[in-house]
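Enquirer: take a look and give me a structure for this.
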Amino acid sequence: MKFKVIMLSSTSMTLELENNDVVNTKGFYNLYVNGRLIYEKENRNVVSVYQLKPDTDYEIRVGQEREECYIKRIKTHSESICLNVKRFNAKGDGVTDDTVAIQAAVICSPDNGRVFIPQGRYKVKTIFLKSNMTLELEKGATLVFDGEFYQGGILPGLTMDSKGGEYYLGSWEGNPLDSYTSLLQGINIGNVKIIGEGTLEGQGSNWWHSPKEKKGAWRPRLVQFIHSRDIMIQGLTLQNSPSWTLHPLFSRNLTFTDLKILGPKESPNTDGLNPESCENVEIIGVYFSVGDDCIALKSGKIYLGKKLKCPSKNITIRNCSMNFGHGAVVIGSEMAGGVKDVRVSQCFFNETDRGLRIKTRRGRGREGRIENIHFENIQMSKVLTPLVINSFYFCDPDGHSEYVRTKKVLPIDEGTPYLGDFTFERIHCTDCQVAAGFFYGLPEEPIRSISLKNCSFIFKEKAEEGYPAMMDDIPKYCKAGLVFNNIKEVTMENVWLEGYEGERITGNYDFKKNCREYN
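Expert: Okay, here's the model as predicted:
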């Protein structure tokens, strides 16, 4: 069984099997490190190995029983020093405030150093990371976000620099607004790894009871990087965030592997991972179970999108499991800077309201371009509406205005967003309820193209009706097939629907004239 190393540090590595299986292999395998059995009868496509030694050669063997193993030789990274936070007076008793002790270890770490957090429960406010370091949480180690967040630091949304330019820090839903610092915070840093089998606990229930209330500043994230580069996060469990769990902003070269991102199904705004105006992002082998969108790709609302023109681009999502969120992979609605070049493959979507969910609206602007989006080899179970593209998302104070909601043709202006090419291949969905696909472009700026190839949609026998998208002036649907409105071109090849009611294809789209369908 061939594999590749997708993440390597001084004491850990993450491996990904090279196959076409979705999240898990069809058979079991064993994994050996220097002849020692690490995983027996494992079936995950993405696994991590810990407790390695720095600057050391290892032989990795992976194979099924009665099958010759595939072997690679790997050398871990070197490091300058390892600093144990206990030597800096961290108690890890869950009662003492360990912020200063852990922060002291971080500040004292030289370049290429590792700060080690052993087993224990460490109560902290914010830990600021710095460049050229590794932070490792041992199995059984938990960083607990102090519940008194409003006593913590505030990141100003917008500050003027010495030359009169704007410097952005705090952020809330795509706007430069004051927000509290996160449990782990990185600003203007690079070459940072956060690794291990430990847990980041956000204690978000202290904030969820009043999710739209600003308490001095807006709710913090659990982990946030701003204006940063070359960041890797591996292995951790991140849970119960006050708002978005992982939020990289204006950053590039980001790798997130083998994580668990958790939040109660009813918890508000607890998105799993939201890259915003970020470039070169890999999200591989991550398990999501959250109260909002699992992954949401963003690039700011109209002010930042128009001013900075900074899209999120070159995003890879692979071998991830998305569970119970509003959407599995979402683009928008704060995408006024654009989102492009996104590839999602070998993923499993389970009981999310929607699978692919694109949210935009008039007002997002001409820089709000979503293009070159490709989904391949995806399995969905109990997803109400697997594929949704909504150009009338009723967010913001004017979300229900005539400007946003009207289905009449309006003039194309600086507020008109653009939706480009979308391809869906080998998408297999069972127990759908509302609709197989709901695609609704703007009448003045239709969606450029939608291609479906080798896709199947099987409906639940006792399905419940619902709204496929959050937009005004549409009826509830139940067991609807594919709904196309305002699309320039549709291509379908080997698309199977079972258990639907009514017409297989509906909408205002001239299907016979503009669609090429191959059976």
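Enquirer: check Asp396 and give its pLDDT.
Expert: Per-residue pLDDT puts Asp396 at 88.
Enquirer: also Arg36?
Expert: For Arg36, the pLDDT comes out at 95.
Enquirer: from Gln51, how far out is it?
Expert: Using C-beta to C-beta, to the nearest Å, one obtains 11 Å as the distance from Arg36 to Gln51. (Glycine included, C-beta is placed from N, CA and C.)
Enquirer: same question for Pro248.
Expert: Distance from Pro248 to Gln51, by C-beta to C-beta: 28 Å.
Enquirer: which of the two has more neighbours?
Expert: Neighbour totals were compared for Pro248 and Gln51, and Pro248 leads with 27 against 12 (other C-beta atoms under 10 Å).
Enquirer: what about the residue lying closest to that one once chain neighbours are set aside, neighbour count?
Expert: Among residues not flanking Pro248 along the chain, Phe225 sits closest, at 4.6 Å (C-beta to C-beta, 6 or more residues apart in numbering). Residues lying near Phe225 (other C-beta under 10 Å) number 28.
Enquirer: low pLDDT regions in the protein?
Expert: 65-66, 148-150, 510-519 (pLDDT under 70).
Enquirer: give me the domain ranges for it.
Expert: 3-75, 89-228, 245-519 (automatic domain parsing).
Enquirer: the lengthiest helix in the chain: which residues count as buried?
Expert: The single longest helix within the chain, with elements called by DSSP state H, is helix 99-108. Buried residues in helix 99-108, counted by 16 or more other C-beta atoms under 10 Å: 99, 101-106.
Enquirer: coming back round to it: deepest-packed of the domains of the chain, please.
Expert: domain 245-519 (a mean of 21; mean count of other C-beta atoms under 10 Å).
Enquirer: please report the distance of the residue lying closest to Arg44 once chain neighbours are set aside from Gln346.
Expert: In this structure, Arg44 finds its nearest non-sequential neighbour in Asn24, 5.9 Å apart by C-beta to C-beta, 6+ apart. Per C-beta to C-beta, Asn24 is found 10 Å from Gln346.
Enquirer: where do the contact lists of these two overlap?
Expert: Residues touching both Asn24 and Gln346 by C-beta atoms under 8 Å, 6 or more residues apart in numbering: Asn45.
Enquirer: name the nearest residue to Arg124, sequence neighbours excluded.
Expert: No, residue 124 isn't Arg; it's Val. Once flanking residues are discounted, Val124 sits nearest to Thr99: 4.5 Å by C-beta to C-beta, 6+ apart.
Enquirer: is it correct that the one you found is in contact with Val106?
Expert: No: counting by C-beta atoms under 8 Å, Thr99 does not reach Val106; the two are 10.7 Å apart.
Enquirer: all helices of the stretch 351-500 of the chain, in order?
Expert: In the stretch 351-500 of the chain, the helices defined using DSSP state H, counting those that start in this stretch lie at 402-405.
Enquirer: all strands for it, in order.
Expert: In the stretch 351-500 of the chain, the strands defined using DSSP state E, counting those that start in this stretch lie at 354-359, 369-381, 385-390, 418-419, 421-432, 435-440, 447-459, 480-485, 487-498.
Enquirer: need those strands in JSON lines (columns: distance to Lys193).
Expert: Shown next, in JSON lines, are the strands of the stretch 351-500 of the chain (distance: least, C-beta to C-beta, whole Å):
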{"stretch": "strand 354-359", "distance to Lys193": "31"}
{"stretch": "strand 369-381", "distance to Lys193": "29"}
{"stretch": "strand 385-390", "distance to Lys193": "36"}
{"stretch": "strand 418-419", "distance to Lys193": "36"}
{"stretch": "strand 421-432", "distance to Lys193": "34"}
{"stretch": "strand 435-440", "distance to Lys193": "40"}
{"stretch": "strand 447-459", "distance to Lys193": "38"}
{"stretch": "strand 480-485", "distance to Lys193": "44"}
{"stretch": "strand 487-498", "distance to Lys193": "43"}
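Enquirer: Ser289: which of those strands is closest?
Expert: strand 369-381 (13.9 Å; C-beta to C-beta).
Enquirer: how far is that closest one from where the chain is centred?
Expert: Centre-to-centre, strand 369-381 and its host chain are 14 Å apart (C-alpha atoms, centre = their mean, to the nearest Å).
Enquirer: just the angle for that strand relative to strand 447-459, thanks.
Expert: 10 degrees (axes from the mean of the first three to the mean of the last three C-alpha atoms, to 10 degrees).
Enquirer: can I get the CA coordinates of strand 369-381 in PDB?
Expert: C-alpha atoms of strand 369-381 as PDB (Å, rounded to 0.1, in the frame of the first residue of the first chain):
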ATOM      1  CA  ARG A 369     -15.500  35.900  -8.300                       C
ATOM      2  CA  ILE A 370     -15.900  32.200  -7.500                       C
ATOM      3  CA  GLU A 371     -14.300  30.100 -10.200                       C
ATOM      4  CA  ASN A 372     -12.600  26.800 -11.000                       C
ATOM      5  CA  ILE A 373     -14.300  24.700  -8.300                       C
ATOM      6  CA  HIS A 374     -13.900  20.900  -8.600                       C
ATOM      7  CA  PHE A 375     -15.500  18.200  -6.500                       C
ATOM      8  CA  GLU A 376     -14.500  14.600  -7.200                       C
ATOM      9  CA  ASN A 377     -15.000  11.200  -5.500                       C
ATOM     10  CA  ILE A 378     -17.400  12.400  -2.700                       C
ATOM     11  CA  GLN A 379     -19.800  10.300  -0.700                       C
ATOM     12  CA  MET A 380     -22.800  11.800   1.000                       C
ATOM     13  CA  SER A 381     -25.200  10.300   3.500                       C
END
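Enquirer: which neighbours do Thr99 and Val106 share?
Expert: Ile127.
Enquirer: identify the residues contacting the closest residue to Asp472 other than its chain neighbours.
Expert: Computed as C-beta to C-beta, 6+ apart, the closest residue to Asp472 that is not its neighbour in sequence is Arg405, at 4.1 Å. Listed by C-beta under 8 Å, 6+ apart, the contact partners of Arg405 are 392, 394, 471-473.
Enquirer: I'd guessed Gly272 sits against Ser243; true?
Expert: No: with contact defined as C-beta under 8 Å, Gly272 does not count as touching Ser243 (11.5 Å).
Enquirer: name the SS class of Leu304, please.
Expert: helix (DSSP: H, G, I helix; E, B strand; the rest coil).
Enquirer: on that earlier part again, now the domains of the chain as TSV including distance to Ile81?
Expert: Formatted as TSV, the domains of the chain follow (distance: least, C-beta to C-beta, whole Å):
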stretch	distance to Ile81
domain 3-75	10
domain 89-228	5
domain 245-519	24
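Enquirer: looking at those domains, spot the one closest to Cys82.
Expert: Comparing the domains of the chain by C-beta to C-beta, domain 89-228 comes nearest, at 4.7 Å.
Enquirer: do me a favour and get the end-to-end distance for the closest one?
Expert: The stretch domain 89-228 measures 29 Å between its terminal residues, going by C-alpha to C-alpha, to the nearest Å.
Enquirer: what do you get for stretch 208-215?
Expert: One end of stretch 208-215 sits 12 Å from the other (C-alpha to C-alpha).
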